[in-house]
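*Asks:* here you go, sequence then predicted model.
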Amino acid sequence: MDLTLNVWRQNGPEDKGHMETYPVSGVSPDMSFLEMMDMLNDQIIRDGGDPVAFDHDCREGICGMCSMFINGEAHGPGRGVTTCQLHMRSFKDGDSITIEPWRASAFPVVKDLAVDRSAFDRIIQSGGYISVNTSGETLDANAIPVPKPQADEAFSAATCIGCGACVASCKNASAMLFVSAKVSQFALLPQGQPERASRVKRMVDQMDEEGFGNCTNTGACAVECPKGIDLSNIARMNRDFLKASADSE
Amino acid sequence: MLDSKIPEGPLAEKWTSHKNNINLVNPANKRLIDVIVVGTGLAGSSAAASLAEMGYNVKAFCFQDSPRRAHSIAAQGGINAAKNYQNDGDSVHRLFYDTIKGGDYRSREGNVHRLAEVSTSIIDQCVAQGVPFAREYGGLLDNRSFGGVQVSRTFYAKGQTGQQLLLGAYSALSRQISKGKVEMFTRHEMMDVVMVDGKCRGIIARNLITGELERHAAHAVVLASGGYGNVFFLSTNAMGSNVSASWKAHKKGAFMANPCFTQIHPTCIPVSGEHQSKLTLMSESLRNDGRIWVPAKKEDADAIRKGTLQAIEIAEEDRDYYLERRYPAFGNLVPRDVASRAAKERCDAGFGVNETGEAVFLDYASAIQRYGKTEANIRGLKSPAASEITELGKQVVKAKYGNLFDMYKQIAADDPYETPMKIYPAVHYTMGGLWVDYNLMTTVPGLYAAGEANFSDHGANRLGASALMQGLADGYFVLPYTIGDYLSQDIRTGEISPDSPEFSAAEKEVKERINHLINNNGTKPVDEFHRRLGRIMWNECGMSRSAEGLKKAIEDIQALRDEFWSDVRVPGSDDGFNPELDKAGRVADFLELGELMCKDALERNESCGGHFREEYQTPEGEALRDDTDFTFVSAWEFTGDPKESKLHKEDLKFENIELKQRSYK
């Protein structure tokens, strides 16, 4: 297939940035989107140009590093996939494809399509853990039974890959889906109870401090989430936050 | 010369007595000691978190934008532990025995036994951290089976066990970062280790956003930077996975052990074309329920390749379930090396089932029926229709393997619930790595290696679900103890200065190499060299190797390396974000490592585990070991050029296990 790519180019966070157009030809429908980008870069390098910078690593949809806003959608068309799992068979010969970075003030552009998502790390650092030291002398694992439905729900929440598609898809650049997934994982497990109230407060405070927007319940985040993280997690987080705030007053 | 420092005494007491006798550092002194950890996968994150909890000042480094993205995240199937929750006869000894046998008797008894001992603590620790393992209806932990064993000891979280374990370790690490006990450096790459007075005293790191070189000094350095499977270009590793940290250490005096021991995983999605940048694994857990086959008749295989026949049209009696046929005792659950070679054998014989002839079927039809019937019974359905059973069976399979099936569908554009998957072996893991003693210290004092970066526990073939076990064992339970033995000598040393001439010299060397790459003005992008190296490695140092092929590969790699240095084109500059430059440095190191791997494979005149030399096989085509001459660890010393590397041997002593031909029949 022959395609026309409109790619966002931005040389660092201070640069204003602009769109640039590149034709690519000979794209195979079996290629992944990132392999198509590899092909573009190969062409640019051989022509003596500056290749398009983008983040990627595992290329199997689990590391959460790839992050492209393709034709107005986080991770492009299709549901339940990351950019690296998107295949060119989702496009047609002659298509024009617009490729942009995640756009959110809490995610400044590093270069071109790569952004800085360290705000997510800082949110986890603020409380996204259970305070247990490594000793090997904790309780036997089976001494903490967890009802299967609850364990399964905690697992579903825990599958978030921290890619930031939720933020990129939200008109307010809210990080509620990301934060609530971690809050929910621990809220659903007995091990998470002792710090349940303080955790949700600290994480929400940190989220606000990072400059993420508010949630207005449009649900775009959950639609675009490659891992299908459910909106009910946000409701759970809101309940927990309200309760924690009321209890502490 | 090589002292493995395995403690004296009976096997089952070695680790306990070693811990009892090891030197400790008191809490006040720990605060005076700095430790650097490179890599934040399971081994690195868990080591950094544990060392910080103990009181050391830790600096952790990763090249990704967050420690949570290290490639441990992609491990699918599970983690082994000798809990015996299923009451199926498992024990520490059995896990130890299975691992030694699975590794084809090329690993250390002492290390492997310790691994089996601490395995149970890992599960306890992870559950306490809130890792959501799969559970049964009673609320207790579920298990499944993996290749090369006859018990169910694998704990799992769907097909995302690595993700859940890594996020557990990442949360422990994040907790220490928030306390200020770990200083985290993301998007930083280690460029070299720095030696001062014969000891490793720090690293030179490069900030991948600004391009700045930084000096970081410490009393000890831990490399937990993963394996080197990406030397093959196509592998299941992440794009950024690299050997550079280990290789830099190797060039500064750390021996590389068994570099040719590579794991080729039998169940990956086959290569689809020239454009391919990586391969995707389909978890070994699929072999629990899936059956592997090729057509028994060549004409059927031909018709399938041409697209005139579909897999589901082939009658049961015309299918060759070759693993069940050749290995009735273990069937589809033979170890990875055995399963991979068997797939290659069938495909080489002309029975492959995709356009390239390099694929076999992994079939879930009978599992869907089996689960469907059980589920119908559970639900008390009286004489259910066939379609009902199939539907119920699909639901059970979806619950167990749903994400893997989705992934397959996405990549292969084929529905595995309806038609068998096509799979083929691919490079997955490297058993070889930096040589370490029982304390996980390399041959360089103060330089440690943990997880896949070291060579210690898997011999010539790793069993499934044991990489996660080893990474966390090293990081949570081994290194935090053993490093104290060395650091106890350092309590009066005081802060290490990064301003010494040694740091300046190391930084200068790094800078010169970067300048060379940036100013080379060649014509070919880095990837082209990487692909060509990968092709040489896969053809000559992959699933089967021969003296003739390896000799040729060594020459080809040398020529390719020269071409790289004269003709590589690295765009951009060294003072900003430049992923091509990062990649160039990594590929330059792979071009040296590849040669050493071939040299090691050539030197080892036997077949064992993943190392299969065509000249050494039994009449049935199984690996033929030579225990008289090759029961040793190859440890290579760098002497200035890979072709001049010097071989040292650590003899392996088996006092508790009798060496036998590995049989899974």
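*Replies:* Happy to help now that I have it.

*Asks:* which strands or helices does the host helix or strand of residue A:245 pack on?
*Replies:* In this assignment (DSSP states H and E), residue A:245 forms part of helix A:232-248. Here helix A:232-248 touches helix A:176-187, helix A:196-209, going by 3 or more Cβ pairs under 8 Å, 6 or more residues apart in numbering or on different chains; DSSP states H and E. In this view, the C-beta of every residue, glycine as well, is placed from N, C-alpha and C.

*Asks:* can you list the buried residues in it?
*Replies:* Across helix A:232-248, burial judged by 16 or more other Cβ atoms under 10 Å in any protein chain shown covers A:233-234, A:236-238, A:240-241, A:244.

*Asks:* most tightly surrounded among the helices and strands packed on helix A:232-248?
*Replies:* helix A:176-187 (a mean of 27; mean count of other Cβ atoms under 10 Å in any protein chain shown).

*Asks:* ends of stretch B:88-108, what's the gap?
*Replies:* 26 Å (Cα to Cα, to the nearest Å).

*Asks:* go on, stretch B:320-333?
*Replies:* 16 Å.

*Asks:* please, which helix or strand holds the residue of the stretch 301-450 of chain B found nearest chain A?
*Replies:* At 5.2 Å from chain A, residue B:410 is the closest residue in the stretch 301-450 of chain B, using Cβ to the nearest Cβ. Using DSSP H and E, residue B:410 sits within helix B:386-412.

*Asks:* ranges for the strands of chain A?
*Replies:* Remark: strands assigned in chain A by DSSP state E are A:3-9, A:18-24, A:69-70, A:73-74, A:96-100, A:109-111, A:114-115.

*Asks:* now do the stretch 51-200 of chain B
*Replies:* Counting by DSSP state E, counting those that start in this stretch, the stretch 51-200 of chain B has strands at residues B:57-61, B:79-80, B:154-155, B:182-185, B:188-196, B:199-207.

*Asks:* quick check on the residue nearest the centre of chain B: phi, psi?
*Replies:* Nearest to the geometric centre of chain B sits residue B:429, at 3.4 Å (Cα atoms, centre = their mean). Torsion angles at residue B:429 (phi, psi; degrees, to the nearest 10) stand at phi -160, psi 150.

*Asks:* please list all residues in contact with the residue lying farthest from the centre of chain A.
*Replies:* For chain A, the largest distance from the centre (Cα atoms, centre = their mean) belongs to residue A:137, which lies 34.9 Å off. By Cβ atoms under 8 Å, 6 or more residues apart in numbering or on different chains, residue A:137 lies in contact with residue B:121.

*Asks:* and the pLDDT for it?
*Replies:* On the pLDDT scale, residue A:137 is placed at 82.

*Asks:* from residue A:58, how far off is the spatially closest residue to the residue of the stretch 301-450 of chain B closest to chain A that is not a sequence neighbour?
*Replies:* Excluding its sequence neighbours, the residue lying closest to residue B:410 (Cβ to Cβ, 6 or more residues apart in numbering or on different chains) is residue A:85, at 5.2 Å. Look at residue A:85 and residue A:58: by Cβ to Cβ, to the nearest Å, they are 10 Å apart.

*Asks:* and these two? Which one has more around it.
*Replies:* Legend: neighbour count by other Cβ atoms under 10 Å in any protein chain shown for residue A:85 and residue A:58, higher for residue A:58 (27 against 24).

*Asks:* isn't the more buried one right up against residue B:73?
*Replies:* Yes - under the criterion of Cβ atoms under 8 Å, residue A:58 makes contact with residue B:73 at 6.8 Å.

*Asks:* phi first, then psi, for the residue of the stretch 401-550 of chain B found nearest chain A.
*Replies:* Taking Cβ to the nearest Cβ, chain A has its nearest neighbour within the stretch 401-550 of chain B at residue B:525, 4.5 Å off. Phi and psi for residue B:525, reported as degrees, to the nearest 10, are phi -70, psi 160.

*Asks:* what residues does it make contact with?
*Replies:* A:41-42, A:45-46, B:568-569, B:580.

*Asks:* ok, now how distant is it from residue B:514?
*Replies:* 17 Å.

*Asks:* among the helices and strands packed on helix A:232-248, which is nearest chain B?
*Replies:* helix A:176-187 (5.5 Å).

*Asks:* touching chain B at all, that closest one?
*Replies:* Yes - among the residues of helix A:176-187, A:185-186 lie within reach of chain B under Cβ under 8 Å from any Cβ of the partner chain.

*Asks:* now for that helix, which elements pack on it?
*Replies:* helix A:118-125, helix A:148-158, helix A:165-169, helix A:196-209, helix A:220-224, helix A:232-248.

*Asks:* could you give me the average pLDDT of that helix?
*Replies:* Here the average pLDDT along helix A:176-187 is 98.

*Asks:* so how far is it off the chain centroid?
*Replies:* Helix A:176-187 sits 13 Å away from the centroid of its parent chain (Cα atoms, centre = their mean, to the nearest Å).

*Asks:* quick one, domains of chain A?
*Replies:* A:3-111, A:117-248 (automatic domain parsing).

*Asks:* these: which one's closest to residue B:594?
*Replies:* Judged by Cβ to Cβ, the one of those that comes nearest to residue B:594 is domain A:3-111, at 21.4 Å.
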